[in-house]
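Asks: When you get a sec, could you give me coordinates for this:
(2 chains)
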Protein chains: 2
Amino acid sequence: YIKNKINACKKTGIYSICEKYDSNISESELIHNIHILNKNPLIHGILVQLPLPKHINAIKIIESISSNKDVDGYSIINSGKLMSDLPGFRPCTSYGCIKMIKSTGININGKHAVIIGRSNIVGKPMALLLLKYNATVTVCHSKTKNIKNYTKQADIIITAVGKPNIITGNMIKIGSIIIDVGINRDINNKIRGDVDFSSVLPIAGFISPVPGGVGPMTIAMLLINTVESAEKS
Amino acid sequence: YIKNKINACKKTGIYSICEKYDSNISESELIHNIHILNKNPLIHGILVQLPLPKHINAIKIIESISSNKDVDGYSIINSGKLMSDLPGFRPCTSYGCIKMIKSTGININGKHAVIIGRSNIVGKPMALLLLKYNATVTVCHSKTKNIKNYTKQADIIITAVGKPNIITGNMIKIGSIIIDVGINRDINNKIRGDVDFSSVLPIAGFISPVPGGVGPMTIAMLLINTVESAEKS
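Replies: Presented below is the predicted three-dimensional model:
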């Protein structure tokens, strides 16, 4: 595997190592390698790129990362800390969405936020973070009847479904904030979000583009988590 | 302190020890005692009665309980497991509410559940459990504007606020299920819930009484968690 391929980021002062393994690496060897990184005082954040090959248990791998270096924030301990309102790494995507919503200048306090999607990675942490910022929060998903009934009432909509045109202009309230976490490819192989951008644009107050919206914000939050981890160490 | 005061429950086959300490016990001594219980193979569940004296950090104490014996389900690890959809002890009150809702015979799938209160102990775990059962979930709280607007739309309402008359008959939909987690004392020192029982009763489909509703169910779920813990050990 490629080891010690060091990349340095001048803007953030972070350097990174990319370790690429053969897809037939054993689970125990992968865990062993993570343990070495856990012990390395020069490393403050560890990110395992998912999905993993089928013979490897992803949960075991994520849990083998030290919770002090789990800058992705997906481990059981960091999820539990988010749930219990204790300091810990917040999942980057939902953390980035909060920053985007705040950047519009609105006060989240008392607003009705509707999340579409209930994944462990986006929907659920998004709900907990928005509650922390005093939003009233509704979580919709594949089993929700009449999603439009909910989105029509929302001041803020976060969609994390992975299907194009989940949200169209007639489903939203005038002036609402639309954050699009979806990543889909259209028939021309172009990247698009969950939102029907053209019909939503004239009605929404703010709308995050795909590509160029939540994606780069997620990476920015990953860097923030890593810098905070380094500061704490 | 009183030690080895053994109580046995014939119905469940569970025996219990009640350890009462002086209120000036040190944090480290309390943790030491919990560690002894953690190691005792005859003990399958440990419950620390809150609140604790001010000089003791409650989070530290809860975290000192082995996650395999945390039958209350409040530890960071069990919260994280709930959040990540992994097996673990579910917080007894919200777990009991699910059982009560299911006992009405309704299918939670696709129903709109409105939770009032966002505590770590009830509101947040309740939201995650209801999502798991495919409800569309809204969480309201002290910063929610116009709670009636949400409760009027709910098929299921769970209130965990701790203030009497938070829910009145004019705030609910005909036939809805009302689960009252609140415990309050009225001017006659009688125990009452959050719900204005008399105005809600003729409109609701089901309503849980206080006392005699969520309280005993919480204890029942604690026993279930303890039995499951014993079976697993």
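
Asks: now the closest residue to chain B within chain A, nearest residue through space, not along the chain?
Replies: As assessed by C-beta to the nearest C-beta, chain B sits closest to A:Gly80 within chain A, at 3.0 Å. All C-beta spots, glycine's among them, are computed from the backbone N, C-alpha and C. Residue nearest to A:Gly80 in three dimensions, not counting chain neighbours: B:Gly80, with 3.0 Å by C-beta to C-beta, 6 or more residues apart in numbering or on different chains.

Asks: Also A:Asp194?
Replies: In space, A:Asp194 is closest to A:Gly182, 3.1 Å off (C-beta to C-beta, 6+ apart).

Asks: Show the contacting residues for the one you found.
Replies: A:159-164, A:166, A:192-195, A:210 (C-beta atoms under 8 Å, 6 or more residues apart in numbering or on different chains).

Asks: What does it show for phi and psi?
Replies: phi -70, psi 150 (degrees, to the nearest 10).

Asks: Sticking with the residue nearest the centre of chain A, tell me its helix or strand.
Replies: Among the residues of chain A, the one closest to the centroid is A:Thr93, at 1.9 Å (C-alpha atoms, centre = their mean). Following DSSP states H and E, one finds A:Thr93 within helix A:92-103.

Asks: do that helix and chain B meet?
Replies: No. Helix A:92-103 stays clear of chain B (C-beta under 8 Å from any C-beta of the partner chain), getting no nearer than 12.2 Å.

Asks: after that helix, next one along is what?
Replies: Next element after helix A:92-103 (DSSP H and E): strand A:112-116.

Asks: Can you work out which other helices and strands pack against that following strand?
Replies: Helices and strands touching strand A:112-116, by 3 or more C-beta pairs under 8 Å, 6 or more residues apart in numbering or on different chains; DSSP states H and E, are helix A:123-132, strand A:136-140, helix A:147-151, strand A:156-159.

Asks: What average pLDDT does the second one get?
Replies: Going back to what we said before, that points to strand A:136-140. For strand A:136-140, the mean pLDDT works out to 98.

Asks: Next: the shortest one.
Replies: Taken as a whole, strand A:156-159 carries a mean pLDDT of 98.

Asks: helices or strands up against that strand?
Replies: Judged by 3+ C-beta pairs under 8 Å, 6+ apart, the packing partners of strand A:156-159 are strand A:112-116, strand A:177-180.

Asks: can you list those in CSV and add mean pLDDT and mean neighbour count?
Replies: Below are those laid out as CSV (pLDDT from 0 to 100; neighbours: other C-beta atoms under 10 Å in any protein chain shown):
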stretch, mean pLDDT, mean neighbour count
strand A:112-116, 98, 27
strand A:177-180, 98, 25
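
Asks: right, and the ones you listed - which one's nearest A:Lys102?
Replies: Among the helices and strands packed on strand A:156-159, strand A:177-180 comes nearest to A:Lys102, with 10.3 Å by C-beta to C-beta.

Asks: Partner strands of the closest one, with direction?
Replies: Counting by DSSP bridges, the strands paired with strand A:177-180 are strand A:156-159 (parallel), strand A:206-207 (parallel).

Asks: what does it rub up against?
Replies: For strand A:177-180, the surrounding residues in contact (C-beta under 8 Å, 6+ apart) are A:97, A:100-101, A:104, A:106, A:155-159, A:167, A:172, A:193-195, A:200, A:204-210, A:213-214.

Asks: With stretch A:49-60 instead?
Replies: For stretch A:49-60, using C-beta under 8 Å, 6+ apart, the contacting residues are A:23-27, A:30-31, A:61, B:84, B:86.

Asks: what does stretch A:121-135 give?
Replies: So stretch A:121-135 is in contact with A:73-74, A:79, A:82-83, A:85, A:90-91, A:93-95, A:97-98, A:108-113, A:115-118, A:137, A:139, A:141, A:156, A:158, A:160, A:181, B:83, B:118, B:124, B:127-128, B:131, B:139, B:141, B:143, going by C-beta under 8 Å, 6+ apart.

Asks: buried ones in that stretch?
Replies: A:121-131, A:133-135 (16 or more other C-beta atoms under 10 Å in any protein chain shown).

Asks: Now for those: which two are most distant?
Replies: Every pair of these checked by C-beta to C-beta; the farthest is A:Ile121 and A:Asn134, at 23.4 Å.

Asks: The residue nearest to A:Gly80: how many residues sit nearby?
Replies: 26 (other C-beta atoms under 10 Å in any protein chain shown).

Asks: just A:Ile14 next, same as before
Replies: Counted with other C-beta under 10 Å, A:Ile14 comes out at 16.
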